[in-house]
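1. missing the sequence, but the structure's below:
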Ligand SMILES: Cc1cc2nc3c(=O)[nH]c(=O)nc-3n(C[C@H](O)[C@H](O)[C@H](O)COP(=O)(O)O)c2cc1C
């Protein structure tokens with residue numbers, strides 16, 4: 001069986017099984033960002049999404065997805081040691097009035 005590949009290429013299977021067998025399903029297959037994942041859930045096409053290769057590419061995928069969806073905007077769920085790498089850390093460097101030191105949090 002050849003399965004055409006593309007964004008969310010296995011979602012139609014998850015959706016159909018969920019509807020016709022009336023069981024909860026998880027979908028996987030080229031789910032690349034938070035908005036795509038959230039749409040699959042909101043549209044009732046799966047009860048859970050899984051991310052494979054994209055999470056290998058971006059180990060902080062879940063954090064980035066949450067942030068892009070408006071959650072954890074202050075990076076409170078990130079390891080504190082990563083704070084300087086977050087966009088909020090960069091913002092303090094863009095402010096010419098702020099005197100940021102490398103030892104600062
Ligand atoms: C490193 C790696 C290991 C995988 N191992 C399995 C496995 O053991 N069994 C399986 O059914 N699928 C396995 N898969 C396939 C994934 O479950 C998934 O169907 C596939 O990667 C498509 O999703 P993605 O586009 O998010 O990667 C694996 C994928 C990757 C990248």
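-> Good, I have the coordinates. Nothing here was measured: the structure is a model prediction, and the numbers come from that model.
2. hey, let's count contacts and neighbours off CA atoms from now on
-> Noted.
3. what does this protein put close to the ligand?
-> Taking Cα under 6 Å from any ligand atom, the part of the chain that reaches the ligand is made up of 28, 29, 30, 31, 51, 52, 53, 54.
4. got a winner among those residues for most neighbours?
-> For the residues of the chain next to the ligand, neighbours were counted using other Cα atoms under 10 Å, and residue 31 has the most, 25 neighbours in all.
5. who's in contact with that residue?
-> With contact taken as Cα atoms under 8 Å, 6 or more residues apart in numbering, residue 31 is in contact with 7, 8, 37, 49, 50, 51, 54.
6. Helices of the protein, start to end?
-> If DSSP state H is used as the criterion, the helices of the chain fall at 11-21, 34-42, 53-57, 61-68, 87-94.
7. out of those helices, nearest to residue 2?
-> helix 11-21 (13.5 Å; Cα to Cα).
8. which residues are in contact with the closest one?
-> With contact meaning Cα under 8 Å, 6+ apart, helix 11-21 is reached by 23, 24, 25, 26, 27, 28, 29, 40, 44, 45, 46.
9. Pull out the buried residues from those residues.
-> Neighbour counting over these (16 or more other Cα atoms under 10 Å) leaves 25, 26, 27, 28, 29, 40, 45, 46 as the buried ones.
10. Which members of those residues occur in strands, if any?
-> If you go by DSSP state E, the buried ones among the contacts of helix 11-21 have 26, 27 in strands.
11. between the contacts of helix 11-21, which is closest to the ligand?
-> The ligand has its nearest neighbour among the contacts of helix 11-21 in residue 29, at 3.4 Å by Cα to the nearest ligand atom.
12. thinking again about what came up before, with pLDDT as extra columns, can I get the buried ones among the contacts of helix 11-21 in a markdown table?
-> Shown next, in a markdown table, are those (pLDDT from 0 to 100):
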| residue | pLDDT |
| --- | --- |
| 25 | 98 |
| 26 | 98 |
| 27 | 98 |
| 28 | 97 |
| 29 | 97 |
| 40 | 98 |
| 45 | 98 |
| 46 | 98 |
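13. Cheers, nothing more for now.
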